[in-house]
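Trainee: turn this into a model:
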Amino acid sequence: MAERPLDIVNTLDKDLYDLIEKTRAMALYEDGALSKKMKLLIAVALDASRGAVGGVIVLAKQAMEAGATKEEIMEVLRITNFIFGVGSVYTCALALKELEKET
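Mentor: Predicted structure coming up:
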């Protein structure tokens, strides 16, 4: 299995890592008022707005596994472009290009 960015935190501070993982699960992976899919699509928009190509790739994959379509991801990109500007579109485009290579 490939090393993940937080593996070093898990090695150095297991309690902090466990807290981060618990928070991530609550925020993204548990259905609540919003579905898991919707939460992941929001996270895609936020990572795109911050220029986090790797995050967009991972989150878009997870959103699609949760039932999101490419059309829904593009709709999220339209909103992200409106709120955060064209830089987020470039970030998402780089991520989508990587996703296309994998499928």
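Trainee: leaving out sequence neighbours, find the closest residue to V89.
Mentor: Using C-beta to C-beta, 6 or more residues apart in numbering and skipping residues adjacent in sequence, the residue nearest V89 is N81, 5.0 Å away. To be clear about C-beta, it is placed using only N, CA and C from the backbone, and glycine gets the same treatment.
Trainee: what is the end-to-end distance of stretch 3-13?
Mentor: By C-alpha to C-alpha, to the nearest Å, the extent of stretch 3-13 from end to end equals 16 Å.
Trainee: distance from the chain centre to it, please.
Mentor: 19 Å (C-alpha atoms, centre = their mean, to the nearest Å).
Trainee: make 258 the first number, not 1, from now on.
Mentor: Sounds good: first residue 258 from here, last item stretch 260-270.
Trainee: domain assignment for the chain?
Mentor: The chain breaks down by automatic domain parsing into domains covering 258-287, 290-359.
Trainee: turn these into CSV, including mean neighbour count and mean pLDDT.
Mentor: CSV is the format used below for these (neighbours: other C-beta atoms under 10 Å; pLDDT from 0 to 100):
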stretch, mean neighbour count, mean pLDDT
domain 258-287, 11, 91
domain 290-359, 17, 94
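Trainee: just to revisit the earlier point, now for the one helix or strand the residue nearest to V346 maps to, which elements pack on it?
Mentor: Element membership for N338 (DSSP states H and E) is helix 327-341. Packing partners of helix 327-341 (3 or more C-beta pairs under 8 Å, 6 or more residues apart in numbering; DSSP states H and E): helix 293-306, helix 310-322, helix 343-359.
Trainee: which residues touch the last one?
Mentor: Helix 343-359 is contacted by residues 301-302, 304-311, 313-314, 317-318, 330, 334, 337-338 when judged by C-beta atoms under 8 Å, 6 or more residues apart in numbering.
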